[in-house]
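Visitor: Structure, please.
(3 chains)
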Amino acid sequence: MEGIWVFIGADSVIFAILFLSFMQDRLKNPALFEASRHTLNMHLGGLDTLILLTSSWSVALAVQAMKRDQIDREPRLLLGGAVTGLMFMASKSIEYFQKFAHGLTPGTNPFYMWYFTLTGIHLAHVVAGTSLLTYLWVRSRRGTYDHLHRAVPESVASYWHLVDLLWIVLFPLLYLMRAG
Amino acid sequence: MAIHAEPTTSTSAPGLSPYRTDYTSWKVMAWTGFAFITAFFCLWGLLARNISPFPAWAEPQAVWDHYKNLRLPIMIGMSVCLTCTAFYMVWSVAVSRVMERIEGSGGVWSKLEMMGGTITCAPIMTACAIWLTAAHEIDNISPGMAHTLYWFGWLLIDLAYFVTSWQIAGASIVFMRDKREKKLVPNIVSWWGWITILSFFVVSAIPFVNTGPLAFNGVISFWIAFFTWFFWIPGLSYYIIKAIPRLQAEDEAAGRLNA
Amino acid sequence: MSVLRERVTWVWLALMVLTCATTWGLSKDLFSPVVAVVGNFLIAAVKVRYVMLDFMELRQAPLPVRAAFEAWPWVVAAVILGFWFATPAVM
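Guide: Numbers count the residues shown, from 1 in each chain, chains lettered A, B, ... in the order given. Here you go, the predicted structure:
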């Protein structure tokens, strides 16, 4: 499914535009952005990165198993990808609830608008990806995928790695970027 | 007395009607996609100053001043754009007819594409009429009314996105199903259609924010959402225009009476 | 376990270590903001590159596609750092 690369490419460019736009807004009010950044939970954010990296690893191993016709290995690796996706969703939910409990919403200030918007759009990507991985897991248990039949799982896997690499940039951008 | 040939079955030529195909009109209609996007970009976008839009956070007096100062360009831009929006409907019919040749004349997606494209004209035309009215009547209305009309237009033109989503979805689904070795419309256009559809959903945030990326003039709700659509229209148009002579050649090669 | 011999596993381990280094290492006050921020984004670009090459299997992609994708993390890091340096310091 070579069209998936159009999707991945376009999504990457769109996110790059958003990163640029975030930095533009930050330029106008660095003190506000820095103060707001301090309220973010860096440990949860770092944990999220570790979770998504592990998820990508599991999915990459699943695709490898397909190429080698190791059909019985596929389900648990795809399930690993889906479960770690769910863990990310749970972690984000906890983080959002912590913010709301402190009265911090997208409307609080421009930093929070960006924080909720960027992580929210990314989270929507995670939800979609986790659903697709779950679908793949179900199909893999029936032995659907092997070296001749792997176009769909490979496309989903490529999408999932995109979701991972977007977070690799998002995390330092929002959580770690100290003011000068 | 003329002997008429048996009508071709739908399995050999899906969507081929028992009547002569008017390839010329079809081709002309396919070109109206370019006509629409040119009119919309130049008249709504440039002349009426919507690229980029006057900000969502502007106060009523600032909005009133905007309409007062730009009254004539906005009136020209909005009135002509309103009229030219009909090109989008015409274009949608040309696209639908190409889709029918893949899906078959009983297909639902080609119907939905045509309806989606036609109905899309309604919020665009109405929003242009609202903004035209604001400019036309600026000396008779208060700043509060100017602000209200400005928002009315944006809420309408933006939030009706889902009609256009179904149009695009139909086109993407059918064109991806094309079994020709060289598809009538390549997958890259269909995938761009999916990107466009996905970029529309966040626009639902516009009633709730006045600033930032999700405001109706923000980087996501305006620049990304509109420009993905702006690239989809000419991208698809190019391949629709090329598809019609291809289909005509297929008909003639098959020796079909209708060609 | 054979999985330990897979390239993707070594890449994963390296990425996990780099994540810990940036999240819990570079964030410490003993690093100046310049070192921390530049370090974070250079490391992020390297991480993205390896996700692209070894997880997404871009090593096997046609050269123009691979080049376009490989450019992305560096362009993004350059733009972000460019803005960061242009932003006034906060007391």
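
Visitor: Checking A:L104 next. Helix, strand or coil?
Guide: coil (DSSP: H, G, I helix; E, B strand; the rest coil).

Visitor: swap that for B:P213, please
Guide: At B:P213 the chain is in coil, as set by three-state DSSP.

Visitor: Count the neighbours of it for me.
Guide: B:P213: 25 surrounding residues under other C-beta atoms under 10 Å in any protein chain shown. From N, CA and C alone the C-beta is placed, and that goes for glycine too.

Visitor: Quick check: the gap between it and C:A68.
Guide: When distance is defined by C-beta to C-beta, to the nearest Å, B:P213 is 25 Å away from C:A68.

Visitor: next one: B:E113
Guide: Distance, B:E113 to C:A68, using C-beta to C-beta: 31 Å.

Visitor: Who has more neighbours out of these two?
Guide: For B:E113 versus C:A68, the count of surrounding residues by other C-beta under 10 Å is larger for B:E113: 29 against 15.

Visitor: pLDDT weak spots in the stretch 151-259 of chain B?
Guide: Residues of the stretch 151-259 of chain B that meet the criterion pLDDT under 70 lie in B:257-259.

Visitor: biggest helix in chain A, by residue count?
Guide: In chain A, assigned by DSSP state H, the helix with the most residues is helix A:110-140.

Visitor: buried sites along stretch C:52-71?
Guide: Neighbour counts over stretch C:52-71 (16 or more other C-beta atoms under 10 Å in any protein chain shown) mark C:M52, C:L53, C:D54, C:F55, C:M56, C:E57, C:L58, C:A61, C:R66, C:F69, C:E70 as buried.

Visitor: Now, the residues you listed that are in helices?
Guide: C:R66, C:F69, C:E70.

Visitor: Verify the stated contact: the second one with C:E57.
Guide: No. With contacts defined as C-beta atoms under 8 Å, C:F69 does not count as touching C:E57, sitting 11.2 Å away.

Visitor: Let's have the ones in helices among the buried residues of stretch C:52-71 in JSON lines, adding distance to chain A.
Guide: Conversion of those to JSON lines gives the following (distance: C-beta to the nearest C-beta, whole Å):
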{"residue": "C:R66", "distance to chain A": "11"}
{"residue": "C:F69", "distance to chain A": "7"}
{"residue": "C:E70", "distance to chain A": "12"}
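
Visitor: In TSV: the residues you listed, plus pLDDT and distance to A:L32.
Guide: Converted to TSV, these look like this (pLDDT from 0 to 100; distance: C-beta to C-beta, whole Å):
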residue	pLDDT	distance to A:L32
C:R66	93	40
C:F69	96	34
C:E70	96	35
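
Visitor: Which element, helix or strand, includes the residue most central in space within chain B?
Guide: Nearest to the mean C-alpha position of chain B, counting by C-alpha atoms, centre = their mean, stands B:Y88 at 5.0 Å. Taking DSSP states H and E as the criterion, B:Y88 maps to helix B:86-103.

Visitor: and after that helix, which helix or strand comes next?
Guide: Downstream of helix B:86-103, the next assigned helix or strand under DSSP H and E is helix B:108-136.

Visitor: Now the helix or strand just after that next one - C-alpha only, CSV.
Guide: Of the helices and strands lying after helix B:108-136 in sequence (DSSP H and E), the nearest is helix B:143-159. In CSV, the C-alpha atoms belonging to helix B:143-159 read as follows (Å, rounded to 0.1, in the frame of the first residue of the first chain):
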residue,chain,number,x,y,z
PRO,B,143,-20.5,47.0,15.4
GLY,B,144,-22.3,44.3,17.4
MET,B,145,-24.3,43.3,14.3
ALA,B,146,-21.2,43.4,12.1
HIS,B,147,-19.4,41.1,14.6
THR,B,148,-22.4,38.7,14.6
LEU,B,149,-22.6,38.5,10.8
TYR,B,150,-18.9,37.9,10.6
TRP,B,151,-19.1,35.0,13.0
PHE,B,152,-22.3,33.7,11.4
GLY,B,153,-20.6,33.4,8.0
TRP,B,154,-17.5,31.6,9.5
LEU,B,155,-19.5,29.2,11.7
LEU,B,156,-21.6,28.2,8.7
ILE,B,157,-18.9,27.9,6.1
ASP,B,158,-16.6,25.9,8.5
LEU,B,159,-18.9,23.6,10.4
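
Visitor: buried ones in helix B:143-159?
Guide: Neighbour-count burial for helix B:143-159 flags B:143, B:145-158 (criterion: 16+ other C-beta under 10 Å).

Visitor: which residues sit against that helix?
Guide: Residues outside helix B:143-159 that contact it (C-beta atoms under 8 Å, 6 or more residues apart in numbering or on different chains): B:53-54, B:56, B:58-61, B:63-64, B:67, B:123-124, B:126-128, B:130-131, B:133-134, B:138, B:141, B:203-204, B:206-207, B:216, B:221, B:225.

Visitor: Give me the buried entries from those residues.
Guide: For the contacts of helix B:143-159, buried by 16+ other C-beta under 10 Å: B:53-54, B:56, B:58, B:63-64, B:67, B:123-124, B:126-128, B:130-131, B:133-134, B:138, B:141, B:203, B:206, B:216, B:221, B:225.

Visitor: how many neighbours does A:G45 have?
Guide: Residues lying near A:G45 (other C-beta under 10 Å) number 21.

Visitor: which residues touch it?
Guide: By C-beta under 8 Å, 6+ apart, A:G45 lies in contact with A:E95, A:F171, A:L174, A:Y175, A:L176, C:T23.

Visitor: Secondary structure for the residues you listed - can I get that in JSON lines?
Guide: Output for these, formatted as JSON lines (three-state DSSP):
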{"residue": "A:E95", "secondary structure": "helix"}
{"residue": "A:F171", "secondary structure": "helix"}
{"residue": "A:L174", "secondary structure": "helix"}
{"residue": "A:Y175", "secondary structure": "helix"}
{"residue": "A:L176", "secondary structure": "helix"}
{"residue": "C:T23", "secondary structure": "helix"}
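
Visitor: So for chain A, which residue is the most central one in space?
Guide: The residue lying closest to the centre of chain A (C-alpha atoms, centre = their mean) is A:V163, at 3.9 Å.

Visitor: surely it meets A:H125?
Guide: Yes. Using C-beta under 8 Å, A:V163 is in contact with A:H125, at 4.9 Å.

Visitor: for the chain, what spans make up the helices?
Guide: Picked chain A for this. Counting by DSSP H, chain A has helices at residues A:3-28, A:30-37, A:42-67, A:74-101, A:110-140, A:151-171.

Visitor: that's the other chain; I wanted chain C
Guide: C:7-20, C:33-50, C:63-86.

Visitor: Help me see whether the second one makes contact with chain A, please.
Guide: Yes. On the criterion C-beta under 8 Å from any C-beta of the partner chain, helix C:33-50 is in touch with chain A at C:P33, C:V34, C:A36, C:V37, C:N40, C:F41, C:A44, C:K47, C:V48.

Visitor: Tell me the one of the residues you listed nearest B:R256?
Guide: Nearest to B:R256 among the residues of helix C:33-50 next to chain A, counting by C-beta to C-beta, is C:V48 at 53.8 Å.

Visitor: number of nearby residues for that closest one?
Guide: Neighbours of C:V48 (other C-beta under 10 Å): 25.

Visitor: ok, now how distant is it from C:F83?
Guide: 18 Å.
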